[in-house]
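> Turn this into a model:
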Amino acid sequence: MSSDFAAPVAGLLRAAFIPAVLAVSLTASPVWAQNDDPAPAAEATEQAAPAAPAEPAAPAEPVSPDTVLATVGGEDITEGDLVLAAEELTQELQSIPADQRRGFLLTVIIDMKLMASAAREDGLDQSEDFTRRLAYLEDQALRRAFFNSIVENQVTEEAIQAAYDEQVADFSPEPEVRARHILVPTVEEANEIRAEIEAGRDFADAASEYGTDGTRANGGDLGYFSTGMMVPEFEQAAMALEIGELSQPVESQFGFHLIYLEDRRLSEAPPLEEVRQQVAQQVLYESYEAAIDEIKTGVEIEIDDPDLAAQVEAQGGI
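Numbering: from 1, shown residues only. Okay, the predicted model is just below:
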């Protein structure tokens, strides 16, 4: 896959909560209804199997954020409160079974209401630390509200399609090969297996019997790969083969490989549905940067420590 279809990681980290907001904005399921099964691991050629659709744990019908779920000391807890808690507790939710997440969130909010009430009775809401933290949380909430408006206005199907079309127009096809391999510890083993294949044994069958890495499960199939995706010794040998040709033993840091070349082609841009999330993140990141640049215009930002100022400048903060 071309790197043009990946959003800039450093910029996304700087935006801090972009991925979480994007997930909430572009999917219909609430955060607490996400599938808690881990995503399938990518194969060597980045052709990972698509993840199974998540089973929704929330009610099928749309629920108003004003729907009251519980009361604590006469104070309502609403569906909207659960959404806010889910945004804050994204990591914690991953360890909770999907059908128990709403109960977990409601329990957290009930505890929070009880402790907040007790804190007010003790006068903790008048402390200097609380005042400072409240001001910070207000700014954080306003930042999120501002950011949500960017998501709603900018990450549209039209914007995603336009960004994808632009990247496809700039896409440069690269030579790719599809190969199978058999990895063994010694050159003697590699030569013995090669003799069997030369005598007529099917390469995939030999790979399933003798291979020592994860590809033995699918007959040594590595899928399609291009320059820079394999270790140099392996890549050089594979790229030099003709279709249907079997290599001599090739030594790498992993052992000795026998390589069988199955096909050659030029790479193609991935279809939009395959890279929709990455393109959406790119659109989101660019709209975020544009908004920050606009509201920063004319605002004086001063940082006394020159080393700290240099770090912030390097990260685009000033």
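> C-alpha from now on. contacts and neighbour counts both.
Fine.
> Help me confirm that residue 301 is found in a strand?
No - according to DSSP: H, G, I helix; E, B strand; the rest coil, residue 301 belongs to no strand; its state is coil.
> and residue 258, how many neighbours?
Using other C-alpha atoms under 10 Å, the number of residues around residue 258 comes to 27.
> who's in contact with it?
181, 182, 183, 190, 194, 246, 247, 248, 249, 250 (C-alpha atoms under 8 Å, 6 or more residues apart in numbering).
> quick check, nearest of the residues you listed to residue 144?
Closest approach between those and residue 144, by C-alpha to C-alpha: residue 181, at 50.0 Å.
> rewinding a little: would you mind checking which of the contacts of residue 258 is nearest to residue 225?
residue 181 (12.9 Å).
> Between all of the contacts of residue 258, which two are at the greatest distance?
The most distant members of those, if one measures by C-alpha to C-alpha, are 183 and 246, lying 13.7 Å apart.
> Pick out whichever of the two has more residues nearby.
Neighbour comparison, residue 183 and residue 246: the larger count goes to residue 183, with 26 against 21 (by other C-alpha under 10 Å).
> and residue 113, what is it in contact with?
residue 72.
> List the buried residues in the longest helix seen in the chain.
When the chain is parsed with DSSP state H, its longest helix is helix 128-154. Buried residues in helix 128-154, counted by 16 or more other C-alpha atoms under 10 Å: 147, 148, 150, 151, 154.
> what's the answer for stretch 218-228, then?
Quick answer for stretch 218-228 (16+ other C-alpha under 10 Å): 219, 220, 221, 222, 223, 224, 225, 226.
> returning to that earlier point: just checking, what packs against the next helix or strand after the longest helix of the chain?
Moving toward the C-terminus from helix 128-154, the next helix or strand (DSSP states H and E) is helix 157-169. Judged by 3 or more C-alpha pairs under 8 Å, 6 or more residues apart in numbering; DSSP states H and E, helix 157-169 is in contact with helix 272-296.
> got the CA coordinates for the following helix or strand past the helix it packs on in PDB?
For helix 272-296, the following helix or strand on the C-terminal side (DSSP H and E) is helix 306-314. These are the backbone C-alpha positions of helix 306-314, laid out as PDB (Å, rounded to 0.1, in the frame of the first residue of the first chain):
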ATOM      1  CA  PRO A 306      14.000  28.800  24.700                       C
ATOM      2  CA  ASP A 307      14.400  25.000  24.800                       C
ATOM      3  CA  LEU A 308      10.800  24.400  25.500                       C
ATOM      4  CA  ALA A 309       9.800  27.000  22.800                       C
ATOM      5  CA  ALA A 310      12.000  25.200  20.300                       C
ATOM      6  CA  GLN A 311      10.200  21.900  21.100                       C
ATOM      7  CA  VAL A 312       6.800  23.400  20.700                       C
ATOM      8  CA  GLU A 313       7.800  25.100  17.500                       C
ATOM      9  CA  ALA A 314       9.100  21.800  16.100                       C
END
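> first vs last residue of stretch 245-254, how far apart are they?
End-to-end distance for stretch 245-254, by C-alpha to C-alpha, to the nearest Å: 22 Å.
> Next, the buried residues of it.
So, applying 16+ other C-alpha under 10 Å, buried residues of stretch 245-254: 246, 247, 248, 249, 250, 251.
> again, but for stretch 62-76
Buried residues in stretch 62-76 (16+ other C-alpha under 10 Å): residue 76.
> and it, what's its mean pLDDT?
For stretch 62-76, mean pLDDT is 93.
> swap in stretch 197-205?
Here stretch 197-205 scores 97 as its mean pLDDT.
> Pull out the CA atoms of that stretch and give them to me as CSV.
In CSV, the C-alpha atoms belonging to stretch 197-205 read as follows (Å, rounded to 0.1, in the frame of the first residue of the first chain):
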residue,chain,number,x,y,z
ILE,A,197,10.8,-30.1,-5.8
GLU,A,198,13.1,-30.5,-8.8
ALA,A,199,12.0,-34.1,-9.0
GLY,A,200,8.4,-33.1,-9.2
ARG,A,201,7.1,-32.4,-5.7
ASP,A,202,4.7,-29.5,-5.4
PHE,A,203,6.4,-26.5,-3.8
ALA,A,204,3.4,-25.6,-1.6
ASP,A,205,3.2,-29.1,-0.4
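> Which residues outside that stretch are in contact with it?
Defining contact as C-alpha under 8 Å, 6+ apart, one finds that stretch 197-205 is touched by 180, 206, 218, 219, 220, 221, 260.
> The helix or strand that contains the first one: partners in the sheet, and parallel or antiparallel?
Read it as residue 180. Secondary structure from DSSP H and E places residue 180 in strand 175-184. In the sheet, strand 175-184 lines up against strand 221-226 (antiparallel), strand 255-266 (antiparallel) (DSSP bridges).
> Save these as TSV, and put in distance to residue 306 too.
As requested, these are exported to TSV (distance: least, C-alpha to C-alpha, whole Å):
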stretch	distance to residue 306
strand 221-226	44
strand 255-266	50
